[in-house]
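In: Dropping a prediction and its sequence here:
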Amino acid sequence: MPSTSCAEPLPNNTNMAQPRSFFARGKLLLTGEYAVVQGAEALAIPTVKGQHLTYHPGDHPLLWTALEADGSTWLSGDVATESRLSLVRSCIEAALNLKGSRTWPTGSVVTEVEFERSWGWGTSSTLIALIAQWLEVDALALHFAVSKGSGYDVACALADGPIRYRRTGARAEVTPVDLSHWPMDALHFGYLGQKRDSQDAVQRYLLAPMSQEDLAQITAWTHAFETAADVERLKTLCAEHEAFLAARLGEVSPVAQRLHDAHAGGKSLGAWGGDFALVIAPEPEALHYLSSHGMGPILSWKEVCGG
């Protein structure tokens with residue numbers, strides 16, 4: 001745990017410095033859930049809404065305040081002593097190690113998420129990306145120093161649009177992709193209402209990881225999704241991807257039956273059973289059915305991704 005008593009002194013003009021602000025986007029993983037941890041290529045999108053961080057320089061021990069989307073405080077305290085700020089503390093320590101610095105920051109930080117934290121859009125990944133920007137280190141390097149996740153979410157946090165992502169050990173390949181040919185008016189995101197811990201879900205998956213053949217199949221689907229240009233093709237790819245992953249995970253798809261009953265297409269996203277699902281529904285009746293059967297909110301592609 002850091003101790004402010006052993007930190008090197010900051011310059012005397014600290015109090016004169018102006019606040020600095022940063023922004024990081026949320027994320028949604030469209031293909032390759034779970035398998036992306038093993039190196040399968042995945043398709044992901046940054047969300048319009050994200051998280052802000054504002055740093056106010058000062059001489060006092062570092063204080064942290066985290067605000068909800070409605071402006072209420074959900075977490076606050078001295079970073080050096082507050083147990084619930086352990087991720088913040090770990091990120092700062094790792095960032096200083098990456099910089100080769102012993103100067104622990106002082107002052108205060110305020111963060112504010114724009115989305116509901118229960119949605120699973122990346123409260124932690126945006127935090128890592130924000131601290132990386134603030135302390136001027138590589139965001140993915142910081143991610144790999146503090147997390148066992150794939151890192152696609154941190155890549156999304158700083159991306160301007162959809163990406164294809166592949167993890168290679170403690171490195172990653174991030175490729176911008178163009179999805180403007182997709183039928184965006186038919187694409188939606190429906191909240192399943194049960195937040196799941198992505199780290200826990202990944203750890204369970206890694207108890208029985210996929211074969212290289214399976215990973216190659218996931219990568220092939222990712223490329224097929226990227227080039228798909230119509231509703232029926234996307235529906236087919238979603239159904240294939242969902243059924244394949246259900247078999248490999250030994251789980252029942254949390255959305256397949258509901259989508260079938262609604263005459264819609266789509267697939268689960270992220271940690272299965274929680275967070276959001278991709279819904280392909282050209283007709284509003286399908287959305288009304290899903291909403292009346294417990295899915296919601298259901299957001300349009302534009303609401304989530306912009307454009």
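Out: Thanks, I have the structure now. Numbers count the residues shown, from 1 in each chain.

In: Please identify the longest strand in this protein, counting by residues.
Out: Secondary structure of the chain read by DSSP state E shows that its longest strand is strand 42-61.

In: hey, what's Leu29 bridged with?
Out: Taking DSSP bridges as the rule, Leu29 bridges to Ala44.

In: and it, what is it in contact with?
Out: Residues counted as contacts of Leu29 (CB atoms under 8 Å, 6 or more residues apart in numbering) are 36, 42-44, 152-153, 269-270. Just so you know, the C-beta spots here come from the backbone N, C-alpha and C atoms, and that holds for glycine as well.

In: Verify the contact between Tyr152 and Val37 for me.
Out: No. Counting by CB atoms under 8 Å, Tyr152 sits too far from Val37 to count as a contact (9.2 Å).

In: The two - which one has more neighbours?
Out: Tyr152 (29 against 21; other CB atoms under 10 Å).

In: quick one: contacts for the more buried one?
Out: 27, 29, 36, 42, 44, 163, 165, 167, 172 are the contacts of Tyr152 under CB under 8 Å, 6+ apart.

In: if we can go back for a sec, what residues are shared contacts of Tyr152 and Val37?
Out: Joint contacts of Tyr152 and Val37 (CB under 8 Å, 6+ apart) are Arg167.

In: mind listing what's buried in the longest helix along the chain?
Out: Secondary structure of the chain read by DSSP state H shows that its longest helix is helix 231-249. For helix 231-249, burial by neighbour count (16 or more other CB atoms under 10 Å) applies to 231, 233-235, 237-239, 241-242, 244-246, 248-249.

In: Just give me the neighbour total for Phe225.
Out: Neighbours of Phe225 using other CB under 10 Å come to 23.

In: give me the element it is part of.
Out: Using DSSP states H and E, Phe225 sits within helix 212-227.

In: Measure how that helix sits relative to strand 42-61, angle-wise.
Out: 90 degrees (axes from the mean of the first three to the mean of the last three CA atoms, to 10 degrees).

In: What lies in contact with helix 212-227?
Out: Taking contacts as CB under 8 Å, 6+ apart, the residues outside helix 212-227 that touch it are 30-32, 35, 38-43, 164, 166, 177, 179, 210, 234, 237, 240-241, 244, 248.

In: Can you say which of those are buried?
Out: 30-32, 35, 38-43, 164, 166, 177, 179, 210, 234, 237, 241, 244, 248.

In: Looking at the contacts of Leu29, spot the one nearest Thr103.
Out: Nearest to Thr103 among the contacts of Leu29, counting by CB to CB, is Asp153 at 28.3 Å.

In: tell me the contacts of Cys305?
Out: Here Cys305 is in contact with 45-48, 162 (criterion: CB under 8 Å, 6+ apart).

In: Most neighbours of all these, which one?
Out: Counting by other CB under 10 Å, top hit in the contacts of Cys305: Pro46 with 27 neighbours.

In: Contacts only, for that residue.
Out: Residues in contact with Pro46 (CB under 8 Å, 6+ apart) are 25-27, 156-157, 159-163, 305.

In: if we can go back for a sec, same list (the contacts of Leu29) but as TSV, adding distance to Leu140 and pLDDT.
Out: Below are the contacts of Leu29 laid out as TSV (distance: CB to CB, whole Å; pLDDT from 0 to 100):
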residue	distance to Leu140	pLDDT
Val36	14	94
Ala42	15	97
Leu43	18	98
Ala44	13	97
Tyr152	10	97
Asp153	10	97
Leu269	21	92
Gly270	19	81
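
In: mind checking the SS state of Leu85?
Out: helix (DSSP: H, G, I helix; E, B strand; the rest coil).

In: count of neighbours near the residue lying closest to it once chain neighbours are set aside?
Out: Closest residue to Leu85 apart from its sequence neighbours, by CB to CB, 6 or more residues apart in numbering: Val79 at 5.2 Å. By other CB under 10 Å, the residues close to Val79 number 23.

In: how far away is Val79 from Leu135?
Out: 13 Å (CB to CB, to the nearest Å).

In: Determine the residues that are contacts of both of those two.
Out: With CB under 8 Å, 6+ apart as the test, Val79 and Leu135 both reach Ile92.

In: and the nearest residue to Leu67 once chain neighbours are set aside, what is it in contact with?
Out: Leaving aside its chain neighbours, Leu67 sits nearest to Glu112 (4.1 Å; criterion: CB to CB, 6+ apart). Glu112 makes contacts with 51-52, 66-69, 71, as judged by CB under 8 Å, 6+ apart.
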